[in-house]
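**Q** Here is the input, now give the coordinates:
(chains A and B)
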Protein chains: 2
Amino acid sequence: MPAPESARAVKVTPISGFPELLPAERLAELHVLDVIREVFELHGFTPLETRAVEPVERLLGKGGDADKEIYGVTRLAARSDERGGTDGGLGLHFDLTVPFARYVLEHAGRLHFPFRRYQVQRVWRGERPQEGRYREFTQADIDVVDVGELPPHLEAEMPLVVAEAFRRLPVGEFRILVNNRKVPEGFYLGLGLTDVQGTLRVVDKLDKIGAEKVRDLLLEGGATAEQAEQVLALASIRTADTSFVERVRALGVSHPTLDEGLAALAAVVRAGEEQAPGTLVADLAIARGLDYYTGTVYETQLVGAEDWGSVSSGGRYDSLASDGRTTYPGVGISIGVTRLVQLLLARRGLTATRSTPAAVLVAVVDEESRRRSDTVAAALRARGVPCEVAPAAARFGKQIRYADRRGIPYVWFPGAAEDGGDQVKDIRSGAQTDADATTWVCPPADLRPAVVVTAP
Amino acid sequence: MPAPESARAVKVTPISGFPELLPAERLAELHVLDVIREVFELHGFTPLETRAVEPVERLLGKGGDADKEIYGVTRLAARSDERGGTDGGLGLHFDLTVPFARYVLEHAGRLHFPFRRYQVQRVWRGERPQEGRYREFTQADIDVVDVGELPPHLEAEMPLVVAEAFRRLPVGEFRILVNNRKVPEGFYLGLGLTDVQGTLRVVDKLDKIGAEKVRDLLLEGGATAEQAEQVLALASIRTADTSFVERVRALGVSHPTLDEGLAALAAVVRAGEEQAPGTLVADLAIARGLDYYTGTVYETQLVGAEDWGSVSSGGRYDSLASDGRTTYPGVGISIGVTRLVQLLLARRGLTATRSTPAAVLVAVVDEESRRRSDTVAAALRARGVPCEVAPAAARFGKQIRYADRRGIPYVWFPGAAEDGGDQVKDIRSGAQTDADATTWVCPPADLRPAVVVTAP
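**A** Below you'll find the model as predicted:
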């Protein structure tokens, strides 16, 4: 712990895009992270972390616009001729997928495939900060990677794991939108539109510019009026069950890739209907990163906060990683924890019922008897009750105020009972009762700070 | 999740000083982190995180040699004239104390003092990597900061919290060495040595260069032979109880600052004797960062691994932070989680009993009945049992091998019972019994991967 010092020299200001939380907010975020971790582990995903830096060459060219977003990392003390040497050429990772792909290649010989891992870490992107977009943020990813072939049922499992986590969180109603890259690809090819990527890029703008402008762009791109109409008709299909298949069929386009895509997407939606009714919605306009994904893709919206952007996204790759000899297909989904938490803070009034883990403040009668209060605290902790001992033997009113300001529900008074034993006071109700630290049971609802939304 | 791709272009190699763990190792580390968090929360420390970057000016000049160790962070896409602008001048934090001091100043109006926080995050230092020293590592810090005055009993509490965490971890025997800056300072002044810092710096080399060379350096620095002898005599005092006070007194030096230091150190050691016998050792040679610390200082050794360096250090500052008007004194201690875990991995054979959180593999009879296996898994998860469903309906021998390779103790066979119900097999013992996923109780010892040391 090196020297902290006066702050006079440097202004103390937030840095745009690097959000920080106050204690009660962080307790709420930690709850979100705990729930996510629990659900990921219940599904047998193994925790992993990777280093925060990767060689810049590994980061470049992955993720489209990401080149512009990479933060390079250089030792300040490195002489300019050293830069580009040992430390030069390192950058902060901008997602958890690129490092995971590298990790899989590096450690393949010591992993068992199919390999299921989760990873919760910060990532950094030098983008322009705005609502829902940050320069430093936390992601929580699950991926399954295999050697050669990847079982298709995993494409249904991924969003259902996220749905299970979301159902345990105060996020309200949500929808996981799913599509399969092969559906638009096969459809366009069946229509005679061979520029699949170009068409997808135009359709991807639907939300922003509307159907009219998309039609214009398609026509400019060389589509006939009928082709453009069909492309828009496909993108308008959105069903919570497998009826999207009939609706696509009704458009009269056929292509083997379309058949494959419809079958795969129907399997995912059917699994959703069975295992988490109302959660998965086939949305044939979803074009998420379709240049990398090769199968199912996911985006997640909280109902009423669609403008905030997707809070959980992912998809399937035929090649998560490859060393030239072996190809590792994968499927994964990522929860944008910071985006989700900031949304819940800003729009739902997410907070915790107290600003400390402590459930009990052990009062101190006078400094000479502090040892007795320490003993009470040790007994409570030994039985799993988080507590702290009052910092000063102030008058009890002040000690109670100390607890109240932090939302600590109980204050313990050593020696307050008539028989010389202790008492504990619930400062919310004012009820004060005799209590023994070696047997007292803290009501389970008070043991940890509860997480609440004040504007659900 | 942007594009993962082929690795052909960039070599896949470890980066020196940026350690990564394999799954079972990470599970062990996560156990260490969980225990630390639990103990910190039991003591009423509030979780916080700060952004990973600070303005370079804030980092510079804090922490002695740290200037050389700072990693600067710059957007690769920033034009050279932008550098030093919005993003220029940012660096990765090299500890959690400097950011915490800034956080306290920034949010003082919304915090309650005394403020107890814990913070577990990665930090980065561009040092030469070696055993026990890394360029990216995780620290777990607790600090208490107050306004104006800080109660002295907190100086005893900090190391006792760490001791409680260590007692719950497979670290073996350990010692927390404590000193108080005022002891050597008052002693040197009482001896007539006014260059306190210079003398401390020389004494700090005792471990490396030995008493003879320290004596030479002291004489060169202007000390008399008798003064040098006395300085060495003080540094040789190490007691597990308060008897160090008498031993210092026996040296015949007196000074008001020495009296203060001895009283304060005795109070800390006495609290240790009462609350954690055998844990705290007064070691008057400890000179840790004595130019910043103003009271008690701590260093922690695992017995038998003293050469690995301190795995938990800290101390008290009169001024953790100051905005020019208000001064915030603080006391804190930091666990070097990466150093500790790497030590346990390298020397104690730390590992986890399996490489996945899953306690059960639910077998799949054939792909047509996968839904039944999914239902079993959902029932197990609903009751808190981590499990996964076999990725493929291979023959059972292969599915059992899948579990065995990962250390998953149980394999569940849907429909294997004579009455059409399920069976579960403990693949360690081979015992296979009828079971119902809605009532089966996983033995608590098998619910989570256990953490073991194979070379204690």
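**Q** Now do residue A:130 against chain B, distance only.
**A** Look at residue A:130 and chain B: by Cβ to the nearest Cβ, to the nearest Å, they are 15 Å apart. Every C-beta, even on glycine, is put in place using the N, C-alpha and C of the backbone.
**Q** That residue: how many residues sit nearby?
**A** 10 (other Cβ atoms under 10 Å in any protein chain shown).
**Q** next one: the one 10 residues further on
**A** As a burial measure, the neighbour count of residue A:140 was computed by other Cβ under 10 Å and equals 24.
**Q** For it, list the residues it contacts.
**A** A:33, A:36-37, A:40, A:118-120, A:334-335, A:337 (Cβ atoms under 8 Å, 6 or more residues apart in numbering or on different chains).
**Q** Could you verify that it is part of a helix?
**A** No. Using DSSP: H, G, I helix; E, B strand; the rest coil, the assignment for residue A:140 is strand, not a helix.
**Q** Pull up the residues of the stretch 201-350 of chain A that are close to chain B.
**A** By Cβ under 8 Å from any Cβ of the partner chain, the residues of the stretch 201-350 of chain A that approach chain B are A:274-275, A:289, A:291-292, A:313-315, A:317, A:319-324, A:330, A:332-334.
**Q** picking up where we left off before, nearest to chain B among the contacts of residue A:140?
**A** Nearest to chain B out of those is residue A:334 (Cβ to the nearest Cβ; 5.3 Å).
**Q** So that closest one: helix, strand or coil?
**A** Residue A:334 - assigned by three-state DSSP - is strand.
**Q** residue contacts, it?
**A** A:95-97, A:139-142, A:312-314, B:1.
**Q** ok, so of the residues you listed, who is nearest residue B:420?
**A** Of all the contacts of residue A:334, residue A:142 has the smallest distance to residue B:420: 33.5 Å, by Cβ to Cβ.
**Q** who's in contact with that closest one?
**A** By Cβ under 8 Å, 6+ apart, the contact list for residue A:142 reads A:40, A:43, A:45, A:116-118, A:158, A:161-162, A:332-334.
**Q** now do residue A:270
**A** residue A:242.
**Q** chain center to the helix or strand harbouring it: distance?
**A** According to DSSP states H and E, residue A:270 maps onto helix A:256-275. Taking the mean of its C-alpha atoms, helix A:256-275 sits 25 Å from the chain's own mean (Cα atoms, centre = their mean, to the nearest Å).
**Q** Give the next helix or strand downstream of that helix.
**A** Going down the chain from helix A:256-275, the next helix or strand is strand A:280-283, by DSSP H and E.
**Q** CA-only coordinates of that next one in PDB, if you can.
**A** C-alpha atoms of strand A:280-283 as PDB (Å, rounded to 0.1, in the frame of the first residue of the first chain):
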ATOM      1  CA  LEU A 280     -37.500 -16.500 -26.600                       C
ATOM      2  CA  VAL A 281     -38.900 -14.600 -29.600                       C
ATOM      3  CA  ALA A 282     -38.000 -15.400 -33.100                       C
ATOM      4  CA  ASP A 283     -37.200 -12.000 -34.700                       C
END
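**Q** So what touches it?
**A** By Cβ under 8 Å, 6+ apart, the list of residues contacting strand A:280-283 reads A:159-160, A:163, A:175-179, A:237-240, A:242, A:244, A:265, A:268-269, A:271-273, A:299.
**Q** Just the ones of those in strands?
**A** Among the contacts of strand A:280-283, the members falling in strands (DSSP state E) are A:175-179, A:238-239, A:299.
**Q** ok, so of the residues you listed, who is nearest residue A:371?
**A** Comparing the ones in strands among the contacts of strand A:280-283 against residue A:371 with Cβ to Cβ places residue A:176 closest, at 55.8 Å.
**Q** How about the contacts made by that closest one?
**A** Residue A:176 neighbours (Cβ under 8 Å, 6+ apart): A:159, A:162-163, A:272, A:279-281, A:298-300, A:312.
**Q** Repeat the analysis, applying 7 Å as the threshold.
**A** A:159, A:162-163, A:279-280, A:298, A:300 (Cβ atoms under 7 Å, 6 or more residues apart in numbering or on different chains).
**Q** gap between the spatially closest residue to residue A:138 that is not a sequence neighbour and residue B:49?
**A** In space, and not counting its chain neighbours, residue A:138 is closest to residue A:337: 4.2 Å by Cβ to Cβ, 6 or more residues apart in numbering or on different chains. As judged by Cβ to Cβ, to the nearest Å, residue A:337 and residue B:49 stand 12 Å apart.
**Q** tell me which element the residue of the stretch 201-350 of chain A found nearest chain B falls in.
**A** Using Cβ to the nearest Cβ, the single residue of the stretch 201-350 of chain A nearest to chain B is residue A:292, 3.8 Å away. Using DSSP H and E, residue A:292 sits within no helix or strand.
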